[in-house]
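1. prediction below, plus the sequence it came from.
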Amino acid sequence: MRVDEEAQGTPGALPPGQRAIAHFPRFGLPEFAYRFPRDKENVSLMVGGEVVEQVDVSEGLARLTRVEQVSDFHCVTTWTRRELLWSGYRFKDFYDALVAPLIPDGLSLDFVVIKGQDGYRTTLPREDLMGEDVLLADRLDGAPLGMAHGAPLRLVAPAHYGYKNVKHLRKIEFWRDGTNYQPRGLRFMAHPRARVALEERGNGAPGWFFRYLYRPTIRPAIALFARAQAKYEEMESSR
């Protein structure tokens, strides 16, 4: 099954403040450059939070319908990689089949915390995650995800900036609200929704302001993550 490409916004102009680039770099906060997944081969996905109990739902993913979609990836620092082909499972299908049965009747758990093997975490409202184009993806451009882009499983939410698209997924938690949640990094950088079309790059200032704050960090971050990637590959080849 293939999601309609036009619905993903592939054709047409870029969102406000974005610039297309020809490659798809490994990228993120500098503190994560040398953090790598413990297991990049085997999917191990837990569901937790205020559900009945913490559950490993890894095997259940294979029972879901696999979909493919072409969508752009928009980094909050203003670069965009266009027309990436992702393959995986709709978050909506994952939630309906594997999460909803765990939640007691009448309990509304709309605050979702998404965590990666590398220690990264972020949040999104459940309503945003239920969009037709939000995937738990394990393949990119016809091949299994590599370490650089989130192996073995990652979130793909095209309507949201890249920092919401958690790599190396290990746990998804469902809570009533974010009362006890502490964002990773500086609070002004953690917008609760980070929608690309509305340029929700951060908190406390308009989106255009953050363009000028983030753009100077792009080249140094790409270089840092490239060095870390090279070191990782060297270590892997020597094993």
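-> Received the coordinates, thanks.
2. tell me how far the worst-scoring helix or strand of the chain on mean pLDDT is from the chain's mean position?
-> Least confident helix or strand of the chain, by mean pLDDT, DSSP states H and E, is strand 55-56 with a mean of 92. Its chain's C-alpha centre and that of strand 55-56 lie 20 Å apart, by Cα atoms, centre = their mean, to the nearest Å.
3. list the buried ones in the helix or strand just after that strand?
-> Beyond strand 55-56 on the C-terminal side, the first helix or strand identified by DSSP states H and E is strand 66-74. Buried positions in strand 66-74, judged by neighbour count with 16 or more other Cβ atoms under 10 Å: 67-74. C-beta: built from backbone N, CA, C; applies to glycine.
4. elements contacting strand 66-74?
-> For strand 66-74, the packing partners by 3 or more Cβ pairs under 8 Å, 6 or more residues apart in numbering; DSSP states H and E come out as strand 79-90.
5. run through who's touching the strand it packs on.
-> 10, 14-15, 18-21, 23-24, 61, 64-74, 132, 134-142, 153, 156, 218 (Cβ atoms under 8 Å, 6 or more residues apart in numbering).
6. give me the buried subset of these.
-> 10, 15, 18, 24, 61, 64, 67-74, 134-138, 140, 153, 156, 218.
7. partner strands of the least confident helix or strand of the chain and their direction?
-> strand 46-49 (antiparallel) (DSSP bridges).
8. list the contacts of the partner strand.
-> With contact meaning Cβ under 8 Å, 6+ apart, strand 46-49 is reached by 54-57, 98-99, 102, 109, 113, 170-175.
9. can you tell me which of these is nearest Pro37?
-> Closest to Pro37 out of the contacts of strand 46-49 is Arg170 (8.2 Å), distances taken as Cβ to Cβ.
10. may I have the phi/psi pair for the most centrally placed residue in the chain?
-> In the chain, the C-alpha closest to the average C-alpha coordinate belongs to Asn165, at a distance of 1.3 Å (Cα atoms, centre = their mean). In terms of degrees, to the nearest 10, the main-chain angles of Asn165 are phi -90, psi 70.
11. equivalent analysis for the one 10 residues further on, please.
-> Main-chain torsions, Trp175, degrees, to the nearest 10: phi -130, psi 160.
12. equivalent analysis for Ala143, please.
-> According to degrees, to the nearest 10, Ala143 has phi -130, psi 160.
13. give me the neighbour count for it.
-> Number of residues near Ala143 (other Cβ atoms under 10 Å) recorded here: 9.
14. so it bridges to which residues?
-> Here Ala143, judged by DSSP bridges, has bridge partners Leu140.
15. per-residue pLDDT, it?
-> Looking at Ala143, its pLDDT is 97.
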